[in-house]
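Colleague: A predicted structure for the sequence below; I have some questions about it.
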Amino acid sequence: MKEITGNSSRVFEGHYSDLGDWKRGDIDYFVVPQRWDDYTTEEHAIWRDLYHRQMEILPGRAISLFMDNLKELGIAADRIPDFDDINKILKPKTGWEVVGVPGPIPVEPFFELLANRRFPVGTFIRTREQFDYIQEPDVFHDLFGHVPILFDPVFADYMEAYGKGGLKAADHKAVYMIGRLYWYTVEFGLIQEEDGLRIYGAGILSSPTESVFSLESDSPNRIKFDVKRLLRSRFFIDDFQDTYHVIESFDELFEATKPDFLPYYDEVRKLPTIQPPELAESDVVLHKGTGEYARKAAENRAERQKQKQEQEAARKAE
Ligand SMILES: [Fe+2]
């Protein structure tokens, strides 16, 4: 339950640090074929059930382009999409293609794929036991959650710029900071549309419970997006967010993240980290959360920690 804040490459979404023989430029080092024919009937059925569950929740909650793009990309309800079919539509429009990966890959190769407009998609799908929550991104999270948004031309450029910025951050021991940007935008971002607040973050779009919590619960804070504030914002990887960062448009996101981040990193290193439920003085607060969920989650975390310590003490005493 600890965010890793050093120069670790396992910063978000369970990315691993074993680089093997990978070197920069080996873009396809971690890429694997999808092997669509190998999916079982049960795996397609899991996709279908996940899809239908989200489609009951997302209309009126997801950013409006999500529903349209899902249809245009031919992402179907009844089976796991074939990456080749997706790419036939995605590539001509955005220059992006999806590529298969066996699971979470280390962050530098991940950044490099993004910088080359290739979006890595886990080829596996969760089991029934993992239906509600899976920490490692599977094909449902990656394809259903990310790709319809990637179909937007401005967001597509943002993702490429993010990949390039990520490689630069890796050279300056700042991956943990730029990881927070990914977390609170690409994974858990909200957007203010004309008729209300909507979801564009893939972590929320692929989670039925957080889709409702992020927009409707009184517990979390919702604040206006501010890049430097966000680079200071810690997150937990296995619980709902205590604070959501709201953008007005993808143009705003793209423009705000255009400047060279190196001076930002220097500045942020001198400032204290902001804890997930905490508000900063400079925040433009759209909704001040009651923090009720955050308090319960913190108690549960403390309880789990206590149990772990007791078990360890008992083990040592044996
Ligand atoms: Fe993701």
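Modeller: Nice, I can see it.

Colleague: Could you measure from the closest residue to the ion within the stretch 151-300 of the chain over to residue 32?
Modeller: Closest to the ion within the stretch 151-300 of the chain is residue 202: 4.7 Å, counting by C-beta to the ion. C-beta: built from backbone N, CA, C; applies to glycine. Between residue 202 and residue 32 the computed distance is 21 Å (C-beta to C-beta, to the nearest Å).

Colleague: Give me the more crowded residue out of these two.
Modeller: residue 202 (25 against 14; other C-beta atoms under 10 Å).

Colleague: what residues does the stretch 201-318 of the chain put near the ion?
Modeller: residue 202 (C-beta under 5 Å from the ion).

Colleague: ok, now with 8 Å
Modeller: 202-203, 206 (C-beta under 8 Å from the ion).

Colleague: Provide the backbone phi and psi angles at the residue in the stretch 1-150 of the chain positioned nearest to the ion.
Modeller: The ion sits closest to residue 137 of the stretch 1-150 of the chain, with a gap of 4.7 Å, by C-beta to the ion. Backbone geometry at residue 137, expressed as degrees, to the nearest 10, gives phi -70, psi 120.

Colleague: what residue lies at the spatial centre of the protein?
Modeller: residue 187 (2.6 Å; C-alpha atoms, centre = their mean).

Colleague: can you pull out the strands in the stretch 51-200 of the chain?
Modeller: Ranges of strands in the stretch 51-200 of the chain, per DSSP state E, counting those that start in this stretch, are 97-101, 118-122, 190-193, 196-199.

Colleague: looking at those strands, which is buried most?
Modeller: Of all those, strand 118-122 has the most neighbours on average by mean count of other C-beta atoms under 10 Å, namely a mean of 22.

Colleague: Can you give me the pLDDT of the residue nearest to the centre of the chain?
Modeller: Per-residue pLDDT puts residue 187 at 95.

Colleague: how about the residues of the stretch 1-150 of the chain that lie near the ion?
Modeller: Near the ion, when you scan the stretch 1-150 of the chain using C-beta under 8 Å from the ion, you find 13, 137, 141-142, 145-146.

Colleague: want to throw the residues you listed into CSV with pLDDT?
Modeller: Listed next are these as CSV, based on pLDDT from 0 to 100:
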residue, pLDDT
13, 44
137, 87
141, 94
142, 95
145, 96
146, 97
